[in-house]
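K.L.:
Here's my sequence, what's the structure:
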Amino acid sequence: MKKIIPFLMLAFVSVFTVSCDNDDDVQYVDNDTYAGVIEITRNFQYNTAEDVYFINQSISMEPSDMALVYRLKDGSSNGDVWEQIPRTLYFSGGRELDYDFDFTQKDVQILAGGNYDISTTPTYLNNQTFRIVLVPAGFLNKGAKPPVDYSDYNAVIKYYNINDSKVTKY
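P.N.:
Numbering: from 1, shown residues only. As a prediction, this is how the structure comes out:
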């Protein structure tokens, strides 16, 4: 009996020293979730009931995904200059024009407002071009520093491997 006890102890200890690990050889690749870009060029419409200028764009995204919106500030031979919104533009006389947005799974609404009658500056309301970048939740690192500077459109496009030449335009 005394000779069997060491073997039983060895068997008992080996159960706890040899166990499963978390290193799987198979890696899951999610091929149906990807980042994308939509470009819209529109005039803002005025909603008299809410006293706000707006542009609506239909989209389709998951509830946990994120939308980023950029406004075309300038285009040149060196490339387009995109600025992230929300954004405030400052003019003489203390006037301010604000671009903002909100989004749901089904649409993005871009808003324009200010501390003056913004219809007096139609350059900032008519023929405006925006890019909406849809970022799937799988790319988001919750609770940590963002993996990319979201205010830099080009850095976002590069980080998420978005082909900037194949933007869906509306």
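K.L.:
Report the buried residues of stretch 36-52.
P.N.:
By 16 or more other C-beta atoms under 10 Å, the buried positions in stretch 36-52 come out as Gly36, Val37, Ile38, Ile40, Arg42, Phe44, Val52. (C-beta placed from N, C-alpha, C; glycine too.)
K.L.:
In helices only, show me those residues.
P.N.:
Among the buried residues of stretch 36-52, no residue falls in helices (DSSP state H).
K.L.:
just those residues now: which is nearest Pro136?
P.N.:
Taking C-beta to C-beta as the measure, Gly36 is the one of these closest to Pro136, at 9.0 Å.
K.L.:
correct me, but the closest one touches Leu134?
P.N.:
Yes - contact status for Gly36 versus Leu134: in contact at 5.0 Å, counting by C-beta atoms under 8 Å.
K.L.:
which helices and strands does the host helix or strand of Asn56 pack with?
P.N.:
Per DSSP states H and E, Asn56 falls inside strand 52-58. Judged by 3 or more C-beta pairs under 8 Å, 6 or more residues apart in numbering; DSSP states H and E, the packing partners of strand 52-58 are strand 36-42, strand 45-47, strand 107-114, strand 128-135.
K.L.:
Pairing partners for that strand, with directions?
P.N.:
Strand 52-58 has the following strand partners under DSSP bridges: strand 45-47 (antiparallel), strand 107-114 (antiparallel).
K.L.:
hmm, back to that, confidence-wise, which of the buried residues of stretch 36-52 comes last?
P.N.:
Ranked by pLDDT, the buried residues of stretch 36-52 bottom out at Gly36 (86).
K.L.:
which ones are touching that residue?
P.N.:
With contacts defined as C-beta atoms under 8 Å, 6 or more residues apart in numbering, the neighbours of Gly36 are Val133, Leu134, Ile162, Thr168.
K.L.:
Out of the residues you listed, which end up buried?
P.N.:
Val133, Leu134, Ile162.
K.L.:
Going by distance to Met61, which of these wins?
P.N.:
Nearest to Met61 out of the buried ones among the contacts of Gly36 is Leu134 (C-beta to C-beta; 5.4 Å).
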